[in-house]
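Participant: Got a sequence here, can you model it:
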Amino acid sequence: MTLANEITLLRIALIAPFVICMLKLHEAPSSSVMRLAALGIFLVMAISDGVDGYIARRRKQVTKLGAFLDPMADKLLMMCACILLSNPGTGIDGFVLPPTVVVLIIGKDVLLFLGFAITYLVTSHVRVVPVLTGKAGTVLQLSMVAGILLAPDIYPHLEAWWWFLRVLWWSAAGVAVASAFIYIRAGIGYIEHFENHSDWQG
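Facilitator: Got it, this is the predicted structure:
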């Protein structure tokens with residue numbers, strides 16, 4: 001167990017208190033406290049996402065376990081955050097995330113999971129190659145969640161924040177769709193290459 005993997009496991013463990021804070025978001029008189037606590041936990045998880053990757057590369061501790069746990073932690077966090085922020089009972093009043101955005105973001109991850117499963121069944125290998133749109137999508141989604149949680153503090157002083165968040169979350173959804181197409185195309189190409197290579201060996 002490397003330090004990078006331990007940080008990733010900590011990030012996964014922090015999802016539970018984040019969800020608890022979000023569920024108590026509308027319970028007066030602690031609503032503001034719960035929102036800021038959720039924001040603080042979320043920022044710790046977002047920062048640790050970059051820290052564990054940096055440590056793994058710098059110490060040359062990149063492992064198969066880390067390659068699996070790191071994206072899983074990201075997906076679990078965003079799935080929980082998106083679902084909670086799209087529910088009027090747990091979202092931020094006036095800034096509830098549209099269900100369409102949630103479906104596109106989570107749907108992309110579900111589709112990729114199925115793609116990886118199919119690739120493994122066909123080739124007995126899974127190759128995960130990060131793409132620029134995937135990294136951009138992660139940054140947009142993290143910024144989207146943080147921006148929504150900050151909205152009650154910023155919007156009273158900057159009404160343009162309302163429009164900024166809408167541009168942000170639809171951009172995140174659009175990039176998620178683009179990433180899905182890129183990964184699907186790469187997966188199909190990998191399977192075709194494997195099958196052609198297998199036929200040649202046969």
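Participant: ok, Thr100 - how many residues close by?
Facilitator: 12 (other C-beta atoms under 10 Å). Where C-beta positions appear, they are placed from N, C-alpha and C, glycine not excepted.
Participant: Quick one: the strands in the chain, in order.
Facilitator: Taking DSSP state E as the criterion, the chain carries no strands.
Participant: where does the chain have low pLDDT?
Facilitator: Counting by pLDDT under 70, the chain has low-confidence residues at 1, 61, 63-67, 124-131, 194-195, 197-202.
Participant: for the protein, what's the longest helix?
Facilitator: Scanning the chain for the helix with the most residues, using DSSP state H, yields helix 161-201.
Participant: Summarise which helices and strands it is packed against.
Facilitator: helix 99-123, helix 132-154 (3 or more C-beta pairs under 8 Å, 6 or more residues apart in numbering; DSSP states H and E).
Participant: got those helices as JSON lines, with distance to Ala46 columns?
Facilitator: Listed next are the helices and strands packed on helix 161-201 as JSON lines, based on distance: least, C-beta to C-beta, whole Å:
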{"stretch": "helix 99-123", "distance to Ala46": "16"}
{"stretch": "helix 132-154", "distance to Ala46": "5"}
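Participant: Which one of the ones you listed lies nearest to Ile55?
Facilitator: helix 132-154 (18.0 Å; C-beta to C-beta).
Participant: re the thing from before, right, so the helices and strands packed on helix 161-201: which one is the most enclosed?
Facilitator: Most buried of the helices and strands packed on helix 161-201, by mean neighbour count (mean count of other C-beta atoms under 10 Å): helix 132-154, with a mean of 19.
Participant: Determine how far it lies from the middle of the whole chain.
Facilitator: On the basis of C-alpha atoms, centre = their mean, to the nearest Å, helix 132-154 sits 10 Å off its chain's mean C-alpha point.
Participant: Repeat that for stretch 54-61.
Facilitator: Using C-alpha atoms, centre = their mean, the offset of stretch 54-61 from its chain centre is 21 Å.
Participant: dump the residue contacts of the residue nearest to Pro152 when sequence neighbours are not counted.
Facilitator: The spatially closest residue to Pro152, leaving aside those adjacent along the chain, is Ile92, at 6.4 Å (C-beta to C-beta, 6 or more residues apart in numbering). Listed by C-beta atoms under 8 Å, 6 or more residues apart in numbering, the contact partners of Ile92 are 25, 35, 85, 148-149, 151-152.
Participant: out of those residues, who's nearest Ile47?
Facilitator: Leu149 (14.9 Å).
Participant: how about the closest residue to that closest one other than its chain neighbours, what does it touch?
Facilitator: Nearest residue to Leu149 in three dimensions, chain neighbours excluded: Leu39, at 4.3 Å (C-beta to C-beta, 6+ apart). Leu39 makes contact with 146, 149-150, according to C-beta under 8 Å, 6+ apart.
Participant: if I look at Leu39, how far off is Asp74?
Facilitator: According to C-beta to C-beta, to the nearest Å, Leu39 stands 18 Å off from Asp74.
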